[in-house]
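give me the fold of what follows.
(one chain, ligands or ions: 1)
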Amino acid sequence: MNAKDLLPYGLGNPDLVEIQKGYFVDAEIVDDLNKLTEDCRKAGFELRIESAYRPFEKQLSIWNRKARGELPLLDGQGVPMPLPTDEEELMYAILTWSALPGASRHHLGTDIDVVDGSSCPPGYEVQLTPAECTGMFAKFHEYLTGRFSGNAAFGFDRVFVPGRGKIRPEGWHIAHLPTSRRRLENFSIDALRSIYENTDIACKNVLLARLDSLAEDYIYPYFV
Ligand SMILES: [Zn+2]
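Down below sits the predicted model:
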């Protein structure tokens with residue numbers, strides 16, 4: 001594959017811009033993101049990024065460390081759980097809270113996790129949870145919802161919404177859809193398969209065996 005074809009999987013060299021300290025996004029979304037940030041500012045909110053571009057290696061490291069018990073593995077309620085010995089069980093347990101390496105939308109450089117910096121208490125460590133969206137950041141999210149439904153968010157919208165695929169809703173995760181659609185045009189599950197075949201990734205056998213069904217549940221529903 002040439003370098004451009006690798007971009008949807010978090011590989012290759014995307015054209016990134018550091019938009020907030022330590023957070024990088026695709027250069028193509030910068031103008032619209034600045035417009036959305038300014039729009040939020042006028043409404044009294046500080047659009048603060050908590051996660052942005054993430055390369056394949058970073059997602060792979062999260063995946064493998066969870067599989068080895070080096071990062072806590074959480075159940076559906078967010079409670080730490082023992083490491084399953086069955087590889088398939090382990091894979092689905094990791095998928096409860098972590099994206100498949102090579103298929104995270106954070107690979108695209110078009111997706112960011114956001115909070116309202118102006119209503120974040122000093123010293124509070126953001127968790128990115130549904131409780132925050134309906135709690136301290138509720139007004140910000142209500143405002144965003146209005147902008148999205150009014151088609152007034154400069155191409156941004158939520159992706160992980162109820163009723164779509166098996167990834168839990170993530171109100172804090174927004175994407176610049178016109179750009180992400182272009183990035184995903186040439187996404188191929190066969191290419192992802194061959195990346196896994198050549199990668200030291202935990203649960204590799206079951207990942208490869210279940211890849212088609214994983215794509216139906218965790219990848220394609222979010223090509224929006
Ligand atoms: Zn996210």
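
give me the low-pLDDT residue ranges for the chain?
The model of the chain has no residue with pLDDT under 70.

just the closest residue of it to the ion, please.
Nearest to the ion, among the residues of the chain, is residue 173, at 3.6 Å (CB to the ion). Placement of C-beta: from N, CA and C, glycine included.

who in this protein is up against the ion?
Residues of the chain found near the ion (CB under 5 Å from the ion) are 113, 173.

where do the strands of the chain begin and end?
Along the chain, counting by DSSP state E, strands occupy 16-20, 23-26, 47-51, 111-116, 156-158, 173-176.

format those as a markdown table; extra columns: mean neighbour count and distance to residue 205.
Output for those, formatted as a markdown table (neighbours: other CB atoms under 10 Å; distance: least, CB to CB, whole Å):
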| stretch | mean neighbour count | distance to residue 205 |
| --- | --- | --- |
| strand 16-20 | 16 | 34 |
| strand 23-26 | 21 | 33 |
| strand 47-51 | 19 | 30 |
| strand 111-116 | 24 | 29 |
| strand 156-158 | 21 | 34 |
| strand 173-176 | 23 | 30 |
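
need those strands in a markdown table (columns: distance to residue 164).
Converted to a markdown table, the strands of the chain look like this (distance: least, CB to CB, whole Å):
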| stretch | distance to residue 164 |
| --- | --- |
| strand 16-20 | 26 |
| strand 23-26 | 23 |
| strand 47-51 | 20 |
| strand 111-116 | 15 |
| strand 156-158 | 10 |
| strand 173-176 | 12 |
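
so for residue 5, which of those strands sits nearest?
strand 23-26 (15.8 Å; CB to CB).

in CSV, could you pull the C-alpha coordinates for that closest one?
C-alpha atoms of strand 23-26 as CSV (Å, rounded to 0.1, in the frame of the first residue of the first chain):
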residue,chain,number,x,y,z
TYR,A,23,-3.4,17.6,20.6
PHE,A,24,-3.1,17.1,16.9
VAL,A,25,-5.8,17.1,14.1
ASP,A,26,-5.8,16.8,10.4
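
what is that strand packed up against?
strand 16-20 (3 or more CB pairs under 8 Å, 6 or more residues apart in numbering; DSSP states H and E).

between strand 111-116 and the strand it packs on, find me the angle.
Angle, strand 16-20 to strand 111-116, by axes from the mean of the first three to the mean of the last three CA atoms, to 10 degrees: 10 degrees.

not counting strand 16-20 itself, show me its contacts.
24-27, 30, 33, 48-49, 52-53, 109 (CB atoms under 8 Å, 6 or more residues apart in numbering).

from those residues, which two are the most distant?
Spatially, the most separated pair among these is 27 and 48, at 20.4 Å (CB to CB).

who's in contact with residue 107?
For residue 107, the contact set (CB under 8 Å, 6+ apart) comprises 7-10, 53-56, 59.

these into JSON lines, with extra columns for neighbour count?
Putting those into JSON lines (neighbours: other CB atoms under 10 Å) gives the following:
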{"residue": "7", "neighbour count": "21"}
{"residue": "8", "neighbour count": "22"}
{"residue": "9", "neighbour count": "22"}
{"residue": "10", "neighbour count": "26"}
{"residue": "53", "neighbour count": "22"}
{"residue": "54", "neighbour count": "20"}
{"residue": "55", "neighbour count": "21"}
{"residue": "56", "neighbour count": "19"}
{"residue": "59", "neighbour count": "21"}
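
just flag the most distant two among those.
Every pair of these checked by CB to CB; the farthest is 7 and 59, at 14.1 Å.

please report how far residue 139 lies from residue 11.
Separation of residue 139 from residue 11 (CB to CB, to the nearest Å): 39 Å.
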